[in-house]
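Participant: For reference, the sequence and a predicted model appear below.
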Amino acid sequence: MNLLNSITQLSHEFGTADYVQGGGGNASAKDAQTLWIKPSGTTLADLTPDRFVPMDRRLLEALYTARVPPDPAQREALVKNMLAAAVFRGATGRPSVETPLHDSFQTAFVVHTHPARVNGMTCARDGAAVCGKLFPDALWIPYTDPGYTLCVRVRAEIRAWRGRTGTDPALVFLQNHGVFAAAATAREMRRLYKSTMATLDRAYAEAGVPDALSISPAPRPERMAQVLHTLREVVGVDQPIHLVGAGFFSVPTGPFTPDHIVYMKSLPLLGEATPAALRAFIERHGYWPRVIAAPDAVFAAGTTPRNAALALEMAKDGARIAQFTEAFGGAVYLSEPARDFIDHWEVEQYRRGVI
Ligand SMILES: [Zn+2]
């Protein structure tokens with residue numbers, strides 16, 4: 001089927017490190033009855049046409065008129081069940097919580113990504129104003145907790161936009177998150193992304209902000225072994241810990257987007273990873289640091305080699321975002337309540353997953 005081949009091709013093109021990190025981002029295609037979406041826990045780069053989850057658009061519509069409980073955990077659980085019920089019989093794969101959001105666009109294709117260059121604007125102090133200037137035809141959504149709340153808000157804003165202009169916005173920028181691009185054809189999607197990136201690149205070049213990170217030489221094996229040893233000693237031996245390292249770069253001091261919290265927790269440990277510093281960090285924050293910004297190198301830890309590598313990738317992504325925000329008034333991190341929501345949301349998801 002043509003639609004699925006096209007969205008698979010787009011997923012591969014926009015599933016590269018320039019646009020997403022880890023399992024981030026999402027892509028969908030639709031006709032009048034069916035929405036096909038990337039399943040949770042997959043990456044854009046690895047998708048094949050048969051992996052997309054087919055969903056009944058009439059049942060997705062019902063999500064918006066459902067009476068949802070005010071408690072966030074109960075609400076997200078209900079929405080998860082309603083989403084599962086909207087999957088066509090016989091199909092496998094769990095649809096993402098952002099599925100209803102994709103359905104709010106009328107176009108055949110939606111590609112959602114988290115490019116550092118885009119987030120240099122969405123995570124900047126002057127982000128909204130800059131967006132209005134650089135992208136006058138785009139919709140800007142102030143930060144909203146992810147999941148159902150975000151879907152409802154974006155849908156309402158798109159409808160209001162449609163009411164005012166008679167058309168849908170092709171670009172929706174989400175503060176401290178990323179961008180949604182909507183297009184009727186694959187060719188139009190490519191054009192849209194190309195012009196968006198070119199506009200941002202021009203703005204960064206004008207501001208004299210570099211595109212690449214400056215990173216010092218990587219730490220030596222003995223140094224890696226020393227940090228890993230200290231970490232294992234403090235966190236405990238029953239916890240498997242893997243460590244990766246990179247040369248020094250300027251690690252951001254807070255989380256920029258929900259995905260940064262998911263992959264590297266809200267805060268890094270700034271300074272040398274001494275037993276005392278690690279204990280004080282755990283005492284204060286309730287978790288052990290996934291990213292350690294030492295004076296000579298940056299270390300990232302995880303319970304699997306992949307988690308450790310992802311934490312480092314997100315730390316570098318955050319550093320690039322921070323660098324880009326300098327063009328637009330400086331960095332804005334996620335607020336305390338926004339962090340809290342993600343932390344609890346993750347816990348709830350995990351808990352439900354285990355049960
Ligand atoms: Zn996203």
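Facilitator: Arrived safely, thanks for sending. Residues are numbered from 1 along each chain as shown.
Participant: care to break this protein down by domain?
Facilitator: Structurally, the chain divides into domains by automatic domain parsing as follows: 2-206, 221-354.
Participant: Which of those domains sits closest to A212?
Facilitator: In terms of Cβ to Cβ, the element of these nearest to A212 is domain 221-354, at 8.0 Å. Yep, even glycine has a C-beta here, placed from its N, CA and C like the rest.
Participant: any idea of the mean pLDDT in that closest one?
Facilitator: Domain 221-354 comes out with an average pLDDT of 92.
Participant: Contact partners for G132?
Facilitator: When contacts are counted by Cβ atoms under 8 Å, 6 or more residues apart in numbering, G132 is found next to W140.
Participant: Swap in 10 Å and give it another go.
Facilitator: Counting by Cβ atoms under 10 Å, 6 or more residues apart in numbering, G132 touches 138, 140.
Participant: Which helix or strand contains it?
Facilitator: In this assignment (DSSP states H and E), G132 forms part of helix 127-134.
Participant: What of P54?
Facilitator: Short version, using DSSP H and E: P54 is in strand 53-56.
Participant: what's the answer for Y64, then?
Facilitator: Using DSSP H and E, Y64 is not contained in any helix or strand.
Participant: That one: neighbour count?
Facilitator: For Y64, the neighbour count with other Cβ atoms under 10 Å is 15.
Participant: Return the residues in contact with it.
Facilitator: Counted by Cβ under 10 Å, 6+ apart, Y64 has contacts 100, 103-104, 148, 151-152, 155-156.
Participant: rerun at 6 Å
Facilitator: For Y64, no residue meets the contact criterion (Cβ atoms under 6 Å, 6 or more residues apart in numbering).
Participant: Report the separation between it and D168.
Facilitator: Look at Y64 and D168: by Cβ to Cβ, to the nearest Å, they are 16 Å apart.
Participant: could you pull out the helices for the chain?
Facilitator: Assigned by DSSP state H, the helices in the chain fall at 2-13, 57-62, 72-86, 99-103, 116-122, 127-134, 148-165, 186-207, 221-235, 258-264, 275-285, 305-325, 336-354.
Participant: For A207, grab the count of nearby residues.
Facilitator: Count around A207 with other Cβ under 10 Å applied: 12.
Participant: Next one: it from I292, what distance?
Facilitator: For A207, the distance to I292 - Cβ to Cβ - is 30 Å.
Participant: Of all the domains of the chain, which one comes closest to L213?
Facilitator: Nearest of the domains of the chain (Cβ to Cβ): domain 221-354, 5.2 Å.
Participant: which stretches of the stretch 1-150 of the chain have low pLDDT?
Facilitator: In the predicted model of the stretch 1-150 of the chain, residues 1 satisfy pLDDT under 70.
Participant: Excluding sequence neighbours, find me the nearest residue to the most centrally placed residue in the chain.
Facilitator: Central residue of the chain (Cα atoms, centre = their mean): D259, 4.2 Å from the mean position. Using Cβ to Cβ, 6 or more residues apart in numbering and skipping the chain neighbours, the partner closest in space to D259 is G24 (5.1 Å).
Participant: re earlier: okay, the angle between the helix holding G132 and helix 305-325?
Facilitator: Going by axes from the mean of the first three to the mean of the last three Cα atoms, to 10 degrees, helix 127-134 is angled at 70 degrees with respect to helix 305-325.
Participant: now the angle from helix 127-134 to helix 186-207?
Facilitator: Going by the same axes, to 10 degrees, helix 127-134 makes 110 degrees with helix 186-207.
Participant: Relative to the whole chain's centre, how far out is helix 127-134?
Facilitator: 21 Å (Cα atoms, centre = their mean, to the nearest Å).
Participant: ok, R320 - contacts?
Facilitator: 116, 213.
Participant: actually K265, not the one I wrote
Facilitator: Residues near K265 by Cβ under 6 Å, 6+ apart: 287, 290.
Participant: one more time with 10 Å
Facilitator: Contacts of K265 (Cβ under 10 Å, 6+ apart): 255, 285-291, 311, 314, 339, 342-343, 346.
Participant: which among those end up buried?
Facilitator: Buried by 16 or more other Cβ atoms under 10 Å: 255, 288-291, 311, 314, 339, 342-343, out of those.
Participant: Sounds good, over and out.
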